[in-house]
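Student: here is a sequence with its predicted model. Questions after.
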Amino acid sequence: MAQASTNMRLKLPITCFILEIILIILFGVLVQYNHETDAKEWYNETQSGHSNYENDFYYRYPSFQDVHVMIFIGFGFLMTFLQRYGFSSVGFNFLIAAFSLQWATLMQGFFHGMHGGKIHIGVESMINADFCTGSVLISFGAVLGKTSPVQLLIMAIYRKHLKAKDAGGSMTIHTFGAYFGLVVTRILYRPNLDKSKDRNSSVYHSDLFAMIGTLYLWMFWPSFNSAVTAHGDAQHRTAMNTYYSLAACTLSTYAMSALTAHDGKLDMVHIQNAALAGGVAAGTAGEMMLTPFGSMVVGFLAGIISVLGFKYLSPILEKKLKIQDTCGVHNLHGMPGILGAIVGAVTASVATVEIYGGGMEAVFPDVADGTIDASFQGVRQAIALAVTLGIALLGGLIVGFILKLPVFGAPPDTVCFEDSIYWEVPGEEPGHEDQLTAVRMEECDKLNG
Amino acid sequence: MAQASTNMRLKLPITCFILEIILIILFGVLVQYNHETDAKEWYNETQSGHSNYENDFYYRYPSFQDVHVMIFIGFGFLMTFLQRYGFSSVGFNFLIAAFSLQWATLMQGFFHGMHGGKIHIGVESMINADFCTGSVLISFGAVLGKTSPVQLLIMAIYRKHLKAKDAGGSMTIHTFGAYFGLVVTRILYRPNLDKSKDRNSSVYHSDLFAMIGTLYLWMFWPSFNSAVTAHGDAQHRTAMNTYYSLAACTLSTYAMSALTAHDGKLDMVHIQNAALAGGVAAGTAGEMMLTPFGSMVVGFLAGIISVLGFKYLSPILEKKLKIQDTCGVHNLHGMPGILGAIVGAVTASVATVEIYGGGMEAVFPDVADGTIDASFQGVRQAIALAVTLGIALLGGLIVGFILKLPVFGAPPDTVCFEDSIYWEVPGEEPGHEDQLTAVRMEECDKLNG
Amino acid sequence: MAQASTNMRLKLPITCFILEIILIILFGVLVQYNHETDAKEWYNETQSGHSNYENDFYYRYPSFQDVHVMIFIGFGFLMTFLQRYGFSSVGFNFLIAAFSLQWATLMQGFFHGMHGGKIHIGVESMINADFCTGSVLISFGAVLGKTSPVQLLIMAIYRKHLKAKDAGGSMTIHTFGAYFGLVVTRILYRPNLDKSKDRNSSVYHSDLFAMIGTLYLWMFWPSFNSAVTAHGDAQHRTAMNTYYSLAACTLSTYAMSALTAHDGKLDMVHIQNAALAGGVAAGTAGEMMLTPFGSMVVGFLAGIISVLGFKYLSPILEKKLKIQDTCGVHNLHGMPGILGAIVGAVTASVATVEIYGGGMEAVFPDVADGTIDASFQGVRQAIALAVTLGIALLGGLIVGFILKLPVFGAPPDTVCFEDSIYWEVPGEEPGHEDQLTAVRMEECDKLNG
C-alpha cells in the first residue's frame, strides 16, 4: 500500500490535541459527579442515615486499582516480549489507554442512560472505563508492531455496547476485543511482513519483562472478574472462582507446553499467555454458582485450548486466512472468551432456586422475579455471544478499512516491530553507541523524511 | 548420581495432568462455598440482619491481593538474580505456586476441620493457601537451579500443620520452609556443583529484576503478617509493627553490608535479602503489643543477623555441612524465623491484662479466659518452635530421599542454574543469534537426547 | 572541591547505626499506639458501640499500600533510567525512604501535637510518613548520581511543616521537594560534570525499567491524592479527579513530545515524567469540587508545561543558573506543583454553599462555620505557596552548604552516575567478565583508596 511518511511530528500532536479538546468540551457539557462523589449530595445522604463508610468507594476502589494495574502494567508489559518494541508496547498501551478511559466514560454514559441530560460518574464508571479500555488493548495485541499511534487512537474510538450477564467480560471484553482486532489485522494484511520477521521474536530480557505483565494479569484477574458484580457473596464468589480457574489453567498450560513444544522444553509464549486463559473463561460464569470444581474444569480446558491454538491454529490462520495476529489474541482472548460465554450460558440455564435461594435476585433478577425461566436466561446468553461476534466482525471490517487509508503513517512491511521508527532509542549497552541501533535509526530517518 | 534424561516432554505433562485431575476430583467431592460465598446462605444471613458490607471479602481481600503479589511477583522475581535462570525462577515459581495453592486449600480443610464431610472455602482459605505456598517457595529457594520442575511439584505436596499463635508465620512459614528446604538441599548435595559456578551469580540487569521482587516483598509484608489476624486493632497493629520493623531492618542491613563487604561497597545480595528479615522476625509477635519500639529493635537485630549469615555462616554451611543454599534462605527465613519465634514467646509470656485490657481475648484467648497464664503461653510458643523444627527436619529428610530417586530429570552438576535445559531460550541481544546460548542449547539438547 | 574518600566502609555504617539507634530510643520514649491500634483502647471503643469494621485500617490501608508502592517502586524505578545507576537509584531510594519514614513519624508527632507527651500512631501516621518520604525522594531526584548515601541520609533529616488545604501535597510535597532539591543541587554545582556525561543517559533496558516506576506512579496517584482526605465523598472525588487529570495529561504529553522532539519521534524522558504532572497539579484542588472537566483542563496544561520545561527550560537552568537537575524535578514536581497550588487557591476562592452544601465542612471547615469567607481561603492557599517556597529555598541553602563539607564521600565529577563507586557490580552479560565494568571498578577502587 502507498505509505505516508511515518513521521509523527504533526500527525500525532494534532490527533491528540483534537481528541483531548473534544473530550474536555464533552466532559464540561455532559459529565457531573454522581451522588457519591458530589459534596452536597453525599452530605445529604449522610444526613438521611447513611454512614461515610457506606460510600461505594470503599467496596469498589481496591478492585478498581487492581484492574488499573492490569490495564497499564499487565497489558503494557505483556506486549514487551518483542525484542525491539518495548517502548512502543508500553508507551502506546499507555497512550491509548489514557485516551480510551476518558472516551469510554462518555460512551457508557450515553448507553447506560443519562440523568437529565448529564452523565453521572463515580468509581463504578472508572472500572467500566477501564474495562472498555481492556477490550481496546486486546485488539491492539492483534496489530502490535504494525500500526502507528495515530491508527491506534482511531481504533480506540470505536465502541460497542451490549447488555448481558457478563461481569468479567468473557464476551463483551475478550471475545469482542479479539475478533474485532483479528478482522482489523486481516484487513491490514501485510504480504511482506516476513521481511520484519527477525524482529518478531523475543530476547532473554524482553521475555522477563513480559512475565511482569503476565503475572499482574494473573494475580489481579480475580479482581477484574469481580469488580462490578453485586456486593456481598457475588463479589466474593467471583473472585474465588477465578482464582481456582487460573490455578488449574496454569497446570494444564505447563503440561501442554512441554508436550507440544520442541524437545519437551517449555515455551515462554505459552506460559505468558495461555496460563491466563482461565481468567478469560471464567469471565461470564464466575459470578454464578459455578463451584470451585466447575471453575477448575473450565480453567483446565481453557489452558489446553489456548496452547493448542498457539501451536497449531495460529500458523494456519496466518497462512490460510492471512490473519497476522502478533500477540496471539485469538488463543488468549478469542477461543477462551467463547468457551467462557458457552460455560456462562450453560451455567445460567441450570440455575435453580434450590441452589441460589434468595440470592437468585442478585445474579439473575429476571429469573428470580419469574419473568423468564433459567433455560431462557441460557438462551439469552447464547444470543449475546452471537451478537457480540457479529458486531465485532462488522466493526472490525469498518475500522479496518478506515485504518487502511494511507494517511496515518503506518510503518512499511520492512520496518515493523521496531521502536526506532516512532521513538528516540538509546543504545543497547552502556558506554558505547549501539551499531545496530544506529543503522536502524538511519533507515527510519529516511522513512520519516 | 545416575541421571535420567532431563527431557520434560512426558514427565512434566504426566505429572501436571495427574496432579490437576486429582485436585479437580477432590475439589468436586469435598469443596463447597462457605457461608460468605454461597448465594443462598449469604442471602439468608443478610435477611437476619447482616449487611452486604459485612461480608469478610471487604476486610480480607485487599490483604489477600498483597499476599498474592508477594507470592508470584515477590518470590518469583527475587529469585531472578541468577544470570541464566530467570525463566525458571519466575516460571517454576509460577507453576508450583499455582499447584500449591490448590493443594493447600484441601490440606487446610482436612486439618482445620471439615463441615459434614465438606471443606468450606472463602477469602480466608485463599490467604491461608497462599501462606502455605509461601512456605513451599522458601524451600524452593534453597534448591534453586538444581532441581527439575517435576521434583519441585513433588516437594510441594508435602505439607504440615501446626497450631500456635503465629499469624505472620515466623515459625510455620519461614522457619519451617527454610529448614525443610535446607535438609532437602543437603540430601541432594552435589559434589561437583562448582562446575556450574560461573552461572551461580548475577548480572547487572538480573539484579535489578530481583529488586522488583525484594521491594514487593518489603512493601507488602505488613499485609502478609496482618492478613489473618483478628479484625480491628489486631490487624491494624500488626501491619504497623511490621512496617517499623522492616524500616529499622533496612538501615541495619545497609550498615552491615558496607561494614562487611569488600572495600566498603554494598552487596546486592544483602540488600535483596537481609532487608526483608525484619518482616520475618515480626511474624509471630507483630500481632501482640510489641510496640513500635520493640518492633524496631527486632528488625534492627534481624538485619544484622541476616547479613552476618550471608557473609560468614553460609560459606561454612556449604563447606562443612555440605548445605548448598542457593538463595541463602537460612539467612533470610531460617535464623530470622527463629528470632521471630523467640520474640513471640517472650512477648507472649509478659502479656498482662493491664496492657491488653479486654483486647486480650482476641490475641490470647486462653490467657483471657484464665485457662492458662501468660508465661505458659510463652512456653507453648517455644514448644511450637521446637515442634516446627522437628517436623521440618524429618519432613525434609523423607522428601529429600524421594527426590533423590533418579527418575525426575534433575540437571547434572555441570548444567545447574541454566534455563535452557528446560526452556526454549532466545538470544541475549536483538538482531543476532547469541553464540553462548547456541552452545549451551546444543549441550542441553544432548542431555535431553 | 576537596574530596574525601568515597569508601563507605565506616561512613555508611556509622551514619546508619547512629541514626537508627537514635530513632529507636526516641520511639521507645515517645511513641505509643493510638486508640485504633492499641488492644485495650480499641476494645473499649468496641464496647461503647463501635464495630471492628469501623477501624480506620479498613478505610485507609488500601490507599496506604498504593502510596507505599509509589514510594518504593514508583520513585525507585523511575530513577533507574540512567544506564549505570540502577543499583543506586533503587537501592539508595530504598535506604533513604526506610530512614525517612521513621524520622517523619516523629516529626509529624512533634508538629501535629502530642498527647500527654506522647506521639500516638496508626495508619494515618504511616501515610503521612510516606508522604514526607515522597518529598525527600523528589529532592533526591535533583541530585541523583552526584551524592553519596551518607549525604542523602543527612538531606532526609531536614523536614518542614506547614498547615494548608493540600491533601495531595501539590505544595507541601511536590513544590517543596522540588525547590529544596534544586537549591541543594545548585549549591553542590559541579563545573566538570560533563566528564560524566556519557553515563548521564539511558540504555534501552534501563528505560523500560524506568517505565515500571512511571506507570506505578501514574496508576496509584489517585490513591496518593485521596489517601488522607475526609472519608466519603471527599476521598471518592479526589481519586476520580486525579484519574481524569492524569489521563488528559498523558495525551498532551504525547502530543507535545512528538511536536518538540527530534524528527517527530517521542522522547522517553517526556513520557516517563511529564505524563505524571497531572497528578502533581491535582494535588491541592483534587479534593475540592474541581469537576472532572476542571481536572482535565488542569492535567492537560500540566503536561504541556512539563514537556516544555524538559525541552527548553532545563537546558537554560543548567547553563545560566548552574542548576544540574538530573531527573528534571523542576518539570515534574516544581512547575506542576505551583500550577496545582494556584488551581487550589482559585478553586477554594470560588467555593460556595450552593455547590458544596453541607459537605463544605469536610473540605473548608473555616468557611463552613463562617470564620472566613471563601475568597480568604483562596488567599490563605496562596500564602501557603509563598511560605512553602520560602522555606524550601532557605532550607535547601542550609542543607546544601552542610552537604558541601568534604567529609561525606561524594563522588568526583568524573565518576558521577556510576554504581560501581558504591556497589559491588557484576558484569553486563552472562558468561564473561564485563571489560568496561572491570576498568571502572579499578578506577573506583583507587578512589576508595
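Tutor: Received, thanks. No experiment lies behind these values; they were computed from the predicted model shown.

Student: next one: A:F110, what pLDDT does it get?
Tutor: A:F110 carries a pLDDT value of 84.

Student: quick one: the helices in the stretch 101-250 of chain A?
Tutor: A:123-143, A:149-157, A:176-187, A:204-226, A:233-260 (DSSP state H, counting those that start in this stretch).

Student: for the top helix by length along chain A, packing partners?
Tutor: Determined from DSSP state H, the single longest helix within chain A is helix A:374-404. Helices and strands touching helix A:374-404, by 3 or more CB pairs under 8 Å, 6 or more residues apart in numbering or on different chains; DSSP states H and E, are helix A:149-157, helix A:176-187, helix A:335-349, helix A:365-368. Every C-beta, even on glycine, is put in place using the N, C-alpha and C of the backbone.

Student: relative to chain C, which of those is closest?
Tutor: Proximity to chain C (CB to the nearest CB) singles out helix A:149-157 among these, at 7.4 Å.

Student: which positions in the closest one come out as buried?
Tutor: In terms of neighbour count (16 or more other CB atoms under 10 Å in any protein chain shown), helix A:149-157 has its buried residues at A:P149, A:V150, A:Q151, A:L152, A:L153, A:I154, A:M155, A:A156.

Student: and the residue sitting nearest the centre point of chain A, how far from A:A351?
Tutor: Central residue of chain A (CA atoms, centre = their mean): A:G134, 3.0 Å from the mean position. Using CB to CB, to the nearest Å, A:G134 is found at 27 Å from A:A351.

Student: circling back: as TSV, the helices and strands packed on helix A:374-404 with mean pLDDT would be great.
Tutor: Shown next, in TSV, are those (pLDDT from 0 to 100):
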stretch	mean pLDDT
helix A:149-157	91
helix A:176-187	96
helix A:335-349	97
helix A:365-368	92
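
Student: what does the stretch 251-400 of chain A have sitting close to chain B?
Tutor: Residues of the stretch 251-400 of chain A lying near chain B by CB under 8 Å from any CB of the partner chain: A:251-252, A:254-256, A:258-259, A:261-268, A:271, A:275, A:289, A:291-293, A:296-297, A:300, A:355-360, A:362-363.

Student: of those residues, keep whichever come out buried.
Tutor: Buried among those by 16+ other CB under 10 Å: A:251-252, A:254-256, A:258-259, A:261, A:264-268, A:271, A:275, A:289, A:291-293, A:296-297, A:300, A:356-360, A:362-363.

Student: which ones among these lie within helices?
Tutor: Using DSSP H, those in helices are A:251-252, A:254-256, A:258-259, A:268, A:271, A:291-293, A:296-297, A:300, A:356, A:360, A:362-363.

Student: quick check: which ranges of chain A have low pLDDT?
Tutor: By pLDDT under 70, the weakly predicted segments of chain A are A:1-4, A:159-164, A:429-449.

Student: again, 80 this time
Tutor: A:1-4, A:111-113, A:158-164, A:262, A:427-449 (pLDDT under 80).

Student: tell me where the stretch 1-150 of chain A has strands.
Tutor: A:31-33, A:119-121 (DSSP state E, counting those that start in this stretch).

Student: of those strands, which approaches chain C most closely?
Tutor: Going by CB to the nearest CB, the one of the strands of the stretch 1-150 of chain A nearest chain C is strand A:31-33, 5.2 Å.

Student: strand partners of the closest one, parallel vs antiparallel please.
Tutor: If you go by DSSP bridges, strand A:31-33 pairs up with strand A:119-121 (parallel).

Student: spell out which residues of the stretch 51-200 of chain A are next to chain C.
Tutor: A:52-53, A:55-58, A:61-62, A:65, A:68-69, A:72-73, A:76-77, A:80, A:86-87, A:90-91, A:94-95, A:98-99, A:101-102, A:121-123, A:126, A:149.

Student: list just the nearest of the buried residues of helix A:149-157 to A:D38.
Tutor: Within these, distances to A:D38 taken as CB to CB reach their minimum at A:A156, with 29.0 Å.

Student: so the closest one makes contact with A:W103?
Tutor: Yes - assessed by CB atoms under 8 Å, A:A156 is found in contact with A:W103 at 6.7 Å.

Student: spell out which residues of the stretch 1-150 of chain A are next to chain B.
Tutor: Close to chain B, as judged by CB under 8 Å from any CB, the stretch 1-150 of chain A has residues A:Y53, A:E54, A:Y58, A:Y59, A:P62, A:D66, A:Q83, A:R84.

Student: leaving out chain neighbours, which residue sits closest to the second one?
Tutor: Once its chain neighbours are removed from consideration, A:E54 has its nearest residue in B:Y53; the separation is 6.6 Å (CB to CB, 6 or more residues apart in numbering or on different chains).

Student: and the residue in the stretch 201-350 of chain A positioned nearest to chain B, how far from A:H112?
Tutor: Residue of the stretch 201-350 of chain A nearest chain B, by CB to the nearest CB: A:G264 (3.0 Å). Note on A:G264: its distance to A:H112, by CB to CB, is 51 Å.

Student: check A:G91 too.
Tutor: Separation of A:G91 from A:H112 (CB to CB): 31 Å.

Student: re earlier: and of the residues of the stretch 1-150 of chain A next to chain B, the nearest to A:A178?
Tutor: A:D66 (22.0 Å).

Student: what's the helix or strand for A:G279?
Tutor: A:G279 is part of helix A:277-281 when elements are defined by DSSP states H and E.

Student: who has more neighbours, A:G91 and A:H112?
Tutor: Set side by side, A:G91 and A:H112 show more neighbours around A:G91, with 26 against 14, by other CB atoms under 10 Å in any protein chain shown.

Student: re earlier: with distance to A:G28 added, can I get the helices and strands packed on helix A:374-404 in TSV?
Tutor: As requested, the helices and strands packed on helix A:374-404 are exported to TSV (distance: least, CB to CB, whole Å):
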stretch	distance to A:G28
helix A:149-157	19
helix A:176-187	30
helix A:335-349	36
helix A:365-368	36
